[in-house]
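1. kindly generate the corresponding structure for this input.
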Amino acid sequence: MPSPLPSDETAKVSESAFQPVKFATVQDPLCKNGHDDQSDVPDFPDGGLTAWGTALGAFLIQFCGFGYSSAYGIYQDFYTRTYLTDHTPSEIAWIGSVATFLTLSLGPVSGRMLDRGAFYHVMILGCLLQSLCLFMLSLTKPNGYYQASLIFLTQGIGCAVATGLTSIPSIAVVSHHFQRRRPFVMGLVVTGASLGAVSHPIMLNNLINGKLGFANGVRASAGMISGLNFIACLLMRTRLPPQPKDVSYTHVLKNSFTDPIFVCTCLWMATFQVGFSFEAFYLQLDSTSHGLSNRFSFYSLSFLHSGACMGKLTAGIVSAYAGILNTVIGSSLISSAVIFAMIGLHSVASVVLIGITYGYFSGVCTATMAPLISLLTPEISDLGIRIGISFAISGDSGAPICGALLSGNYIWWKPVVFAGVITSCRAARLFLFG
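-> A predicted model of the protein is given here:
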């Protein structure tokens, strides 16, 4: 699944997008006392052992959180062909779809808890929950009674809640230590999710489909995740005092859902998730079902996420010249065309080309989401909640629908056409309402 945070270059572009807003009337969220007086603004070290240790810890959290959840396509393929053969691909896809929704929708809640001074409580709870759920996942049995429900509870709900609790606060705490270097450091932290999205599929495929098998393979990955999360919790430190001022969610929700342009943008993000979840959930299954070797198919998702990583890194450069809206529309049209190309997926070259190309342009879309929402947010203090709302709405049911169209007979053209048409609509919405 995609990280909802922009890369370093995109973060710089988003700063220029805020130029029309009059910041003089907005309180600095990093001020100790909430005053506009510059003397109250705390000094930022912009370096040092504690600051860089916090950045490294946040990097590890992203690697273990969004990075690991992006490897769900490995589980989708394994469950469909081996572990849960008495369930349809559509039913299995609900595990990943619910996980995506919960992970993205918990961002505003966990971010608010950081503001209230509960950073360590949130991080420890999230890390322990992820470890517990992964070890519980390893105890499930193939096609056993209620085993699908146990997998849904541990992976679809438990791991998703854990990732939702830890990901946003780990990014936000970096701002406690950096000011001048903040965009650069946050860009480095976000690459942890991209690195995890590339490496976890390779590791899980070789563990689960190798000599260790599913149970021991999941335990091995759970042990690694637990160790890295433990190190991350030891490294990260907060500096700024908690902010007791509450945000009126009712007021923000009312203003957001009465803004037609914001609503249309949220709908675009939801349709984007349909296309991305189809590629991320089914690309490996598509490869294996067309007779390609398992050894090669195991790397198909790594091609996809490698392309997405390149897209995130270059999105800022592209949008600086073409503009955020034009970049989103263009990348949306190209990515939807690539989805239609999956009808012709029959060879190694087609998997590599489709994976890297779609990954790149979907990465551009992902990296420009937050800056696009920022352009539509008149009050800076509402930006975090609005981003959380938009990503919560983007948690979709597209993957189960595609799974139902695919059926147990693997009729690939039906879900391909559905995902391609839905994805094409997002560019039309932005073109008409942007």
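2. all helices for the stretch 101-250 of the chain, in order.
-> Taking DSSP state H, counting those that start in this stretch as the criterion, the stretch 101-250 of the chain carries its helices at 107-115, 119-137, 147-151, 159-172, 182-208, 213-235, 249-257.
3. can you list the ones you listed in TSV and add mean neighbour count, mean pLDDT and distance to R386?
-> Quick note: C-beta positions are derived from backbone N, CA and C, even for glycine. Shown next, in TSV, are these (neighbours: other Cβ atoms under 10 Å; pLDDT from 0 to 100; distance: least, Cβ to Cβ, whole Å):
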stretch	mean neighbour count	mean pLDDT	distance to R386
helix 107-115	21	74	9
helix 119-137	19	93	21
helix 147-151	17	87	33
helix 159-172	26	87	14
helix 182-208	22	82	19
helix 213-235	18	94	28
helix 249-257	14	76	6
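4. export those to a markdown table and tack on distance to V263?
-> Below are the helices of the stretch 101-250 of the chain laid out as a markdown table (distance: least, Cβ to Cβ, whole Å):
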| stretch | distance to V263 |
| --- | --- |
| helix 107-115 | 17 |
| helix 119-137 | 30 |
| helix 147-151 | 34 |
| helix 159-172 | 23 |
| helix 182-208 | 27 |
| helix 213-235 | 37 |
| helix 249-257 | 6 |
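5. which among these is found nearest to V348?
-> V348 lies closest to helix 182-208 among the helices of the stretch 101-250 of the chain, at 16.2 Å (Cβ to Cβ).
6. does the closest one pack against any helices or strands, and if so which?
-> helix 8-17, helix 49-64, helix 66-69, helix 72-78, helix 159-172, helix 213-235, helix 300-322 (3 or more Cβ pairs under 8 Å, 6 or more residues apart in numbering; DSSP states H and E).
7. the helices of the stretch 101-250 of the chain: which one's closest to L345?
-> Closest approach to L345 among the helices of the stretch 101-250 of the chain is made by helix 182-208 (17.7 Å; Cβ to Cβ).
8. quick one on the thing from earlier: redo the helices and strands packed on helix 182-208 as JSON lines? Include distance to V351.
-> Formatted as JSON lines, those follow (distance: least, Cβ to Cβ, whole Å):
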{"stretch": "helix 8-17", "distance to V351": "28"}
{"stretch": "helix 49-64", "distance to V351": "25"}
{"stretch": "helix 66-69", "distance to V351": "22"}
{"stretch": "helix 72-78", "distance to V351": "13"}
{"stretch": "helix 159-172", "distance to V351": "27"}
{"stretch": "helix 213-235", "distance to V351": "23"}
{"stretch": "helix 300-322", "distance to V351": "5"}
